[in-house]
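Student: here's my sequence, what's the structure:
(chains A and B)
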2 protein chains.
Amino acid sequence: MSTRRTVFFVSDRTGITAEVLGHSLMTQFEDPGLRQVTLPFVDNPDKVAEVVEKAAAAAARDGVRPVIFSTLIEDELRAGLNDADALVLDFFDTFIGPLEKELGQKSTHTKGKAHGMANLVTYTRRIDAMNFALANDDGVTTRHYEEAEVVLTGVSRSGKTPTCLYMALHYGIFAANYPLTPEELELGRLPQTLEPHRRKLFGLSIDPDRLVQIRTGRRPDSTYASEQQVRAEIGQALDLFQRYRIPFLDTTQHSIEEISTTILHKRKLKRHFL
Amino acid sequence: MSTRRTVFFVSDRTGITAEVLGHSLMTQFEDPGLRQVTLPFVDNPDKVAEVVEKAAAAAARDGVRPVIFSTLIEDELRAGLNDADALVLDFFDTFIGPLEKELGQKSTHTKGKAHGMANLVTYTRRIDAMNFALANDDGVTTRHYEEAEVVLTGVSRSGKTPTCLYMALHYGIFAANYPLTPEELELGRLPQTLEPHRRKLFGLSIDPDRLVQIRTGRRPDSTYASEQQVRAEIGQALDLFQRYRIPFLDTTQHSIEEISTTILHKRKLKRHFL
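Tutor: The predicted model follows:
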C-alpha cells in the first residue's frame, strides 16, 4: 500500500500565501503522493477546532500525520492549531520575530493584508491594465500602443494573450499584443504598425511540434495547423526577431509566470505593485 | 530624515514565491517605508555576488541594512548570499529540513518547480479555462454554460470579468459571466437563459457610491453612471439574488483574490491545480 499524505493550507483569509509557499516547498519532493486541501477563512476558534479534527481524520485515514502550512495571524488561533496531530509549519510564526527585531517595530497582526484590497490606486491600476490587455489583444486595435509598456508579438498561439493578462493582473503592466500573420511574415519585414514601437516589442516563439499540436486541437486538418505552415511561420518570425533585434523567448518549456517575469526582467519593466 | 529600507526578493527563477512570502510578511508592519526590489534568475555565483553588492549599496544609501527574502535552492548559492550585509530570511533553508524529516525523503533541490511548467495536462487546462472565460465573457454567448463550473452574474462593472480570468489562470476553473442589464432587471425575475444553470450561479454586488465612481470613469455624465440608475440596478440585482437564493458577495472591499477564493469556497469548487 502506497502512503498518501494530506497537506492542508490553512489561512484566516484567502489561503493564497499558504498555498504558494506550501506548494513551492512540496515541489521539492519527488512524487510525495499528496492530497492537497485548502482551508481558507479559518478566522475563529471553532474553525480552528474543525481543522484540528480534519487533521486527525486525515492522520487516521492516511496512516501518517498530515502537514499543515499555516499563515494564521492571531496568536490565539495559531496556538489552537498547534494542538493538531500534524507537522505544523507556520510562516508568520517563523519569520515575524526576526523581522520585528530588524525593523525595530511590532507587527500589527492584521488579517487579510497579503491578498486584500491594497488601496484604490493599486486596485484601479490593476483593473485598467486588465481592460487594456483585453482591448488591445490580438491586434484588434493598435491605436493605444503609445500607452503600452510592452507589445508582445509572435505567431498565432505562441502564448501572447495569457501572458498579457497575467502581467496585467499581477503587476499592473499595460501590455498589448500583435499577432504576426502569414501574410505579414511573407513580406519579411516588421509590420509598419509596429515600427514606431520597436523599443517596446518582445517576441514569443514556440517549438513547431508543440504548436502543431496546439493548433490541431483548435482546427484539426487545417493548413493553419499543418507542419509545413507552422514551420514556415515560426522560421520567419524568428528571422524577424533577430533582424530587428527584438528580444524574444521560446515559450515551449515555460509557464506563464516564467514568461511574464522574463519579459519584465529583459525589458526592465517596473512592477506597479506586488 | 526618515529611514527608507530596501527589501530584496531573490530567486533562482521567477521570484514569485519570494515576493509572495516577503510581501505577506511586510504587510504586517505599519508603513515600513520600503523600497522593494525583485531580483529573479539569480542562478550562478556571479549573480549572487551582484546581489551582495546591491545589498551593500542599499545599506550604505539607506543607513540601515536591507532585508533579503530568498528562495535559492542550491546550497552553494545560498551560502554566498549569507555573506550579504542584510537580514537574510531563507525560505527553503528554514522549512525543507523539517519536511525532509517528516516525509522521510531528501528534497530534490530542483530549480523552477514552484512556478514552472508543471505538466502538459495542467498547462492545457489553464489555457482552456482562460479561453473559456474570454469566450463566455459578458454574456456574449450562453451556449457553453453546460461546461461552466460557475456562472457569475451581476450588474455592469461589479467585477465579473477579472474574477473569471483570475479563477481560470490560477485554478483552472471554467467560469462564465452574465451581465444583468437594466432591461432584464426591470422584469424582476431571473433571465431565462440562466434558469437551467441556477445551481452554478454566483452573484456579485457592489456599493452604489463606488459603482457610480467606476462607471463615471468610463462614461462621465451618462445615465449609466448616474446615482439613480446605479441604485436601482443594484437594488434589483440584490432582490433577485435573495429571491432565487443565489449566493453572492459584495465586492467593494475585496480584492480579486478574495472574491475568487470566496466563490470557490461557497460554491465548493475544486481547484484543478495550485
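Student: what about the strands in the stretch 1-150 of chain A?
Tutor: Taking DSSP state E, counting those that start in this stretch as the test, the strands found in the stretch 1-150 of chain A are A:5-10, A:34-39, A:67-70, A:87-90, A:150-154.
Student: what sits up against stretch A:97-108?
Tutor: Residues from elsewhere that reach stretch A:97-108, judged by Cβ atoms under 8 Å, 6 or more residues apart in numbering or on different chains: A:96, B:5, B:25, B:26, B:28, B:29, B:30, B:32, B:67, B:87, B:89. Bear in mind the C-beta positions are built from the backbone N, C-alpha and C, glycine included.
Student: just confirm residue A:239 contacts residue A:189, I think it does.
Tutor: No - Residue A:239 is beyond contact range of residue A:189, at 10.1 Å (criterion: Cβ atoms under 8 Å).
Student: rewinding a little: worst average pLDDT in the strands of the stretch 1-150 of chain A?
Tutor: Lowest mean pLDDT within the strands of the stretch 1-150 of chain A: strand A:34-39, a mean of 91.
Student: that one vs chain B: in contact?
Tutor: Yes - using Cβ under 8 Å from any Cβ of the partner chain, we find that strand A:34-39 touches chain B at A:36, A:38.
Student: what comes up buried for that strand?
Tutor: Neighbour-count burial for strand A:34-39 flags A:34, A:36, A:37, A:38, A:39 (criterion: 16 or more other Cβ atoms under 10 Å in any protein chain shown).
Student: how about those residues, which pair is most distant?
Tutor: Maximum pairwise distance among the buried residues of strand A:34-39 (Cβ to Cβ): 14.9 Å, between A:34 and A:39.
Student: what is the neighbour count of the residue lying closest to residue A:94 once chain neighbours are set aside?
Tutor: Closest residue to residue A:94 apart from its sequence neighbours, by Cβ to Cβ, 6 or more residues apart in numbering or on different chains: residue B:94 at 5.9 Å. Residue crowding around residue B:94 was assessed by other Cβ atoms under 10 Å in any protein chain shown; the count is 14.
Student: quick one on the thing from earlier: who wins for most neighbours among the contacts of stretch A:97-108?
Tutor: In the contacts of stretch A:97-108, the most neighbours by other Cβ under 10 Å go to residue B:67, 27 neighbours.
Student: my guess is that one contacts residue B:7. True?
Tutor: Yes - taking Cβ under 8 Å as the definition, residue B:67 is a contact partner of residue B:7 at 4.8 Å.
Student: give the residues shared as contacts by those two.
Tutor: The contact sets of residue B:67 and residue B:7 overlap at residue B:22 (Cβ under 8 Å, 6+ apart).
Student: for the stretch 151-274 of chain A, just list every one of the strands.
Tutor: Assigned by DSSP E, counting those that start in this stretch, the stretch 151-274 of chain A shows strands spanning A:175-179, A:201-205, A:248-250.
Student: quick one: the first one to chain centroid distance?
Tutor: Spelled out, it's strand A:175-179. Centroid separation for strand A:175-179 versus its chain: 19 Å, with Cα atoms, centre = their mean, to the nearest Å.
Student: partners of it in the sheet?
Tutor: Strand A:175-179 sits in its sheet next to strand A:150-154 (parallel), going by DSSP bridges.
Student: now swap in the second one and tell me
Tutor: Applying DSSP bridges, strand A:201-205 is found paired with strand A:150-154 (parallel), strand A:248-250 (parallel).
Student: give me the pLDDT value at the nearest residue to residue A:215 once chain neighbours are set aside.
Tutor: Of all residues beyond its chain neighbours, the one nearest residue A:215 is residue A:225 (3.7 Å), with distances taken as Cβ to Cβ, 6+ apart. The score at residue A:225 is 97. That number is its pLDDT.
Student: tell me how many other residues surround residue A:225.
Tutor: Residue A:225 has 19 nearby residues by other Cβ under 10 Å.
Student: which ones are touching it?
Tutor: A:212, A:215, A:216, A:218, A:219.
Student: how much space separates it from chain B?
Tutor: Distance from residue A:225 to chain B, counting by Cβ to the nearest Cβ, to the nearest Å: 16 Å.
Student: also residue A:197?
Tutor: Residue A:197 sits 24 Å away from chain B, going by Cβ to the nearest Cβ.
Student: got the confidence number for the closest residue to that residue other than its chain neighbours?
Tutor: Closest residue to residue A:197 apart from its sequence neighbours, by Cβ to Cβ, 6+ apart: residue A:145 at 4.9 Å. For residue A:145, the pLDDT comes out at 97.
Student: contact partners for residue A:145?
Tutor: Going by Cβ under 8 Å, 6+ apart, residue A:145 touches A:136, A:151, A:176, A:193, A:196, A:197, A:200.
Student: look up phi and psi at residue A:268.
Tutor: Phi and psi for residue A:268, reported as degrees, to the nearest 10, are phi 50, psi 50.
Student: re the thing from before, settle this for me: the residue nearest to residue A:94 is touching residue A:91, isn't it.
Tutor: No - judged on Cβ under 8 Å, residue B:94 makes no contact with residue A:91 at a distance of 9.2 Å.
Student: could you list the low-confidence segments of the stretch 51-200 of chain A?
Tutor: Applying pLDDT under 70 to the stretch 51-200 of chain A flags residues A:118.
Student: which stretches in it count as helices?
Tutor: A:75-81, A:91-103, A:120-135, A:160-171, A:182-187 (DSSP state H, counting those that start in this stretch).
Student: most neighbours per residue, which of those helices?
Tutor: Across the helices of the stretch 51-200 of chain A, averaging neighbours per residue (mean count of other Cβ atoms under 10 Å in any protein chain shown) puts helix A:160-171 on top, at a mean of 25.
Student: that one vs helix B:120-135, what angle?
Tutor: 90 degrees (axes from the mean of the first three to the mean of the last three Cα atoms, to 10 degrees).
Student: report the contact partners of the residue sitting nearest the centre point of chain A.
Tutor: Nearest residue to the geometric centre of chain A (Cα atoms, centre = their mean): residue A:257, 4.2 Å. By Cβ under 8 Å, 6+ apart, the residues touching residue A:257 are A:166, B:14, B:16, B:115, B:116.
Student: burial check on the closest residue to it other than its chain neighbours, number of neighbours?
Tutor: Leaving out its chain neighbours, the residue that sits closest to residue A:257 by Cβ to Cβ, 6+ apart is residue B:115, at 3.9 Å. Using other Cβ under 10 Å, residue B:115 has 24 other residues around it.
Student: residue contacts, residue B:115?
Tutor: Shown in contact with residue B:115 (Cβ under 8 Å, 6+ apart): A:255, A:257, A:258, B:13, B:14, B:16, B:17.
Student: and the strands of the stretch 1-150 of chain A: which comes nearest residue B:55?
Tutor: Among these, strand A:87-90 comes nearest to residue B:55, with 27.0 Å by Cβ to Cβ.
Student: pull up the pairing partners for the closest one, direction included.
Tutor: According to DSSP bridges, strand A:87-90 forms sheet pairs with strand A:67-70 (parallel).
Student: counting neighbours, what do you get for residue A:16?
Tutor: By other Cβ under 10 Å, the residues close to residue A:16 number 24.
Student: correct me if wrong: it contacts residue B:20.
Tutor: Yes - assessed by Cβ under 8 Å, residue A:16 is found in contact with residue B:20 at 7.5 Å.
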